[in-house]
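J.: The following block contains a protein sequence and its predicted model.
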Amino acid sequence: MLSKLTLDEVKAHAEKALELHPHSEPIDLYKLFYQAYMGPSHMLKDKDKVAELIYQEADNMNRAYLPVIQELGDNYVRLSLSVLGFVTMKESKILAEWMLESCIDDSGAKDEFHRLWLSWIPLLQELLPADEKLWNETLTLAEQGVIPSHSTLFHTHYDPHYRVVNIKLKPYYNFFFGEDK
């Protein structure tokens, strides 16, 4: 399910993201809104491989990534791998299933996101003044329908270890955050 954000919601999510991660560049906002709109649909679809990558990444984390849950809109969140605590392959596989269940049929969605991104840029530029070159890089990515890694600046200040999931898939949410946790 594609996440539909109003301009006011775009502004609110951008302000919150910049409050959480003030050392961000335009590419980081682009990534945030791409994930808010498309969810994890750009990801690998092999559950076992996804689970193995989650397991390895969580096992090698040097510090917690916060927040544990970052809302991306009305459907998707960034779920910190810190939620896994002592990581097991079982938890990694359940998170991989959650990610794959969160994927959408993105045919045509990338063009729609490109159109939306173009309409959001003036507002986002007010919130995050940056070199025009950095904003132009996001235009190229949007035209190609590509999702990048976070900026070097972001990686320097934060240790991003998360996965994007649909928060409305309650059985998965309950596994990680239910009363028995």
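T.: Arrived safely.
J.: The helix or strand containing residue 8 packs against which elements?
T.: Counting by DSSP states H and E, the element that carries residue 8 is helix 7-20. Using 3 or more C-beta pairs under 8 Å, 6 or more residues apart in numbering; DSSP states H and E as the contact test, the elements touching helix 7-20 are helix 26-38, strand 69-71, helix 109-127. Backbone N, C-alpha and C define where each C-beta goes, glycine included.
J.: partners of the second one in the sheet?
T.: Which is strand 69-71. With DSSP bridges as the test, strand 69-71 is paired with strand 76-80 (antiparallel).
J.: okay, the angle between the strand it pairs with and helix 26-38?
T.: Per axes from the mean of the first three to the mean of the last three C-alpha atoms, to 10 degrees, the angle that strand 76-80 makes with helix 26-38 is 120 degrees.
J.: coming back round to it: with just CA atoms, put the helix holding residue 8 into PDB.
T.: As requested, C-alpha coordinates have been extracted for helix 7-20 and formatted as PDB (Å, rounded to 0.1, in the frame of the first residue of the first chain):
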ATOM      1  CA  LEU A   7       2.300  18.700   2.000                       C
ATOM      2  CA  ASP A   8       1.700  19.400   5.700                       C
ATOM      3  CA  GLU A   9       2.700  15.800   6.500                       C
ATOM      4  CA  VAL A  10       5.800  16.000   4.300                       C
ATOM      5  CA  LYS A  11       6.800  19.100   6.200                       C
ATOM      6  CA  ALA A  12       6.100  17.500   9.600                       C
ATOM      7  CA  HIS A  13       8.000  14.300   8.700                       C
ATOM      8  CA  ALA A  14      11.000  16.300   7.400                       C
ATOM      9  CA  GLU A  15      11.100  18.500  10.500                       C
ATOM     10  CA  LYS A  16      11.000  15.400  12.700                       C
ATOM     11  CA  ALA A  17      13.700  13.700  10.700                       C
ATOM     12  CA  LEU A  18      16.000  16.700  10.900                       C
ATOM     13  CA  GLU A  19      15.300  17.000  14.600                       C
ATOM     14  CA  LEU A  20      16.300  13.300  15.100                       C
END
